[in-house]
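pasting the sequence and the predicted model now:
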Amino acid sequence: MTAETHSPKYRQIYDQLRSAIVVGDYRPGSRLPSEADLASQYDTSRITVARAFQELHMQGFVERRVGAGTYVRSAEPMQELRFGLLIPDPGQTEIFEPICRGMAEVKQSSRFSLLWGNSQAPQSTSELQADRVLQHFLDIGVSGVFFAPFEHRRHKNEANQRIVQALDKAGVPVVLLDRDIESYPQRSHYDVVGIDNRRAGYMLAQHLIDQGCRRIIFIARKSSAPTVDARIMGYRDALLQHGIAPDPALVQWMDPDDAVAVEALMRELKPQAAICANDTTSMRLMRTLTGLSFEIPGDLLVASFDDVKHAELLMVPLTTIRQPCSAIGAEAIAAMLERVANPELPARDIFLDFTLMVRNSTKSSSAEAELRVAANEPRTST
């Protein structure tokens, strides 16, 4: 479930058992599977499983009973935790609604409550409104805050820093949703829960290359989140892997609603395919292209990220990376509960797997692909 697929086997077992305990799959007082059963399940030795159990014991999740097995430690009676949800742009990115729904569906929801700050579903929140919500959270003494940092704002970096610094000063744990507040290669000291966006960018570019495309553009709006930088890196990785020199001109920071700019891009760059930073950008680009009498996928293959609820209902259904939003929400709760219990844990990137949803916007016959390559051979650099 996490990004650490290359971590030691005992750590993988620890992470999965810890997550299952935190979200309530194993209740307080319940017995965990035996070392022998887990060794068989994970195709490893009992010594490896015993090390995972030892780590769980050291972190306070379980207790070992001689001759009886390993049990989830019974929780002491405690006051309900209250977690604040600070989602400044819920209308801009549709993934946050299902992420929050995934949080609310966690089996241990009786241990915590989720607060929007005004007890109503939020509308698009300005920096000033976000400051007010933040102050409300601090006034009532929340136990932690889930924060989806601003993007597409001129002063987004200052606003993001102001929010997390206020929470740090108050000693309130923070778990970031979908994105960090720092751009790669910088890294904040907060847990981040989402997908591996670099790998996702690679997978989309790989898919388009498999369709016969070599001249692939990447389109994003200005002041996008650091996740977009990671997606661009993955896109470039895939090009290089296939011997295609990434052309800086093919990464366009632009407004997909700008018909003049889109037409100029198509005429001058002659792209075979476009990867957009997210589905909203793709949908706007497709609408603009249709208005300019370009056909999808005939004139341009289009793909993106998120798999919002309308992606497969478009006139040309959209190929996109599906984010496991509900699972992201559940894992964010697990991360926050563990962070509250162990404040000194190092910052973690918690990456869940994604799914490439291939639809008509990138489907072309092999003959069309060959014609596409022949008509748009990449220019030889000097």
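Structure received. Everything quoted here is computed from the prediction, not taken from an experiment.

domains of the chain?
Split into domains by automatic domain parsing, the chain comes to 9-72, 81-195+325-353, 197-323+356-375.

okay, those domains in a markdown table with mean neighbour count next?
C-betas here are computed from N, CA, C, even on glycine. What follows is the domains of the chain, written out as a markdown table (neighbours: other C-beta atoms under 10 Å):
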| stretch | mean neighbour count |
| --- | --- |
| domain 9-72 | 16 |
| domain 81-195+325-353 | 18 |
| domain 197-323+356-375 | 19 |
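
got CSV for these, with mean pLDDT too?
CSV is the format used below for these (pLDDT from 0 to 100):
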stretch, mean pLDDT
domain 9-72, 87
domain 81-195+325-353, 86
domain 197-323+356-375, 92
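
for the protein, which segments count as helices?
Using DSSP state H, the helices of the chain run over 9-23, 35-41, 46-58, 96-104, 127-140, 156-169, 197-210, 226-241, 259-269, 279-291, 325-341, 366-375.

out of the ones you listed, nearest to Arg111?
Closest to Arg111 of these, according to C-beta to C-beta: helix 325-341, at 7.5 Å.

what helices or strands is the closest one leaning on?
Other helices and strands packing on helix 325-341, by 3 or more C-beta pairs under 8 Å, 6 or more residues apart in numbering; DSSP states H and E, are helix 9-23, strand 81-86, helix 96-104, strand 144-147, strand 174-177, strand 191-195, strand 349-352.

still on that earlier bit, of all the helices of the chain, which one is nearest Asp307?
helix 279-291 (6.9 Å).

can you list the residues that contact the closest one?
The set of residues external to helix 279-291 that reach it, using C-beta atoms under 8 Å, 6 or more residues apart in numbering, is 92-94, 219-221, 256-259, 262, 266, 274, 276, 296, 299-300, 302-308, 310-311, 314, 316, 318, 320, 361.

same deal with stretch 20-38?
Residues from elsewhere that reach stretch 20-38, judged by C-beta under 8 Å, 6+ apart: 13, 17, 41, 46, 49-50, 52-53, 56, 61-62, 68-75, 106-108, 330, 333-334, 337-338.

now do stretch 240-247: distance to the chain's middle.
Put simply, stretch 240-247 sits 26 Å off its chain's centre (C-alpha atoms, centre = their mean, to the nearest Å).

before we move on, what about stretch 236-251?
On C-alpha atoms, centre = their mean, the centre of stretch 236-251 falls 23 Å from that of its chain.

give me the contact list for it.
Defining contact as C-beta under 8 Å, 6+ apart, one finds that stretch 236-251 is touched by 198, 201-203, 205-206, 209, 214-218, 220, 232, 235, 269, 271, 378, 381.

again, but for stretch 97-117
For stretch 97-117, the surrounding residues in contact (C-beta under 8 Å, 6+ apart) are 22-25, 75, 78, 80-87, 90, 122, 132-133, 136-137, 140, 142-143, 146, 177-178, 325-330, 332-334, 337.

then stretch 133-144?
So stretch 133-144 is contacted by 81-84, 86, 112, 115-118, 122, 125, 145, 163, 166-167, 170, 172-175, 336, 339-340 (C-beta under 8 Å, 6+ apart).

repeat for stretch 65-76
With contact meaning C-beta under 8 Å, 6+ apart, stretch 65-76 is reached by 21, 26-32, 34, 53, 56-57, 60-64, 111.

and of the helices and strands packed on helix 325-341, who's closest to Lys156?
Closest to Lys156 of the helices and strands packed on helix 325-341, according to C-beta to C-beta: strand 144-147, at 12.6 Å.

output the closest one as CSV, nothing but the C-alphas.
Extracted C-alpha coordinates of strand 144-147, given in CSV (Å, rounded to 0.1, in the frame of the first residue of the first chain):
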residue,chain,number,x,y,z
GLY,A,144,-4.7,17.2,14.2
VAL,A,145,-5.4,18.8,10.8
PHE,A,146,-5.6,17.3,7.3
PHE,A,147,-4.4,19.9,4.9
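
can you list the strands that that strand pairs with?
Partner strands for strand 144-147, per DSSP bridges, with pairing direction: strand 81-86 (parallel), strand 174-177 (parallel).

save the ones you listed as CSV, and put in distance to Glu344 too.
What follows is the strands paired with strand 144-147, written out as CSV (distance: least, C-beta to C-beta, whole Å):
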stretch, distance to Glu344
strand 81-86, 18
strand 174-177, 15
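
which among those is found nearest to Tyr190?
Within the strands paired with strand 144-147, the stretch nearest Tyr190 is strand 174-177; the backing value is 4.8 Å (C-beta to C-beta).

quick one, what contacts the nearest residue to Asp353 once chain neighbours are set aside?
Nearest residue to Asp353 in three dimensions, chain neighbours excluded: Pro324, at 6.9 Å (C-beta to C-beta, 6 or more residues apart in numbering). If you count contacts by C-beta under 8 Å, 6+ apart, Pro324 has them with 195, 352-355.

can you put the residues you listed in a markdown table and add distance to Pro226?
Output for the contacts of Pro324, formatted as a markdown table (distance: C-beta to C-beta, whole Å):
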| residue | distance to Pro226 |
| --- | --- |
| Ile195 | 13 |
| Leu352 | 18 |
| Asp353 | 20 |
| Phe354 | 17 |
| Thr355 | 22 |
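
quick check: the gap between the residue nearest to Asn197 when sequence neighbours are not counted and Arg236.
Excluding the flanking residues, the one nearest Asn197 by C-beta to C-beta, 6+ apart is Ala230, at 3.8 Å. Distance, Ala230 to Arg236, using C-beta to C-beta, to the nearest Å: 11 Å.

roughly how far apart are the residue of the chain most remote from its centre and Glu55?
Here the chain reaches farthest from its C-alpha mean at Gly67, the gap being 42.9 Å by C-alpha atoms, centre = their mean. Computed as C-beta to C-beta, the Gly67 to Glu55 distance reads 21 Å.
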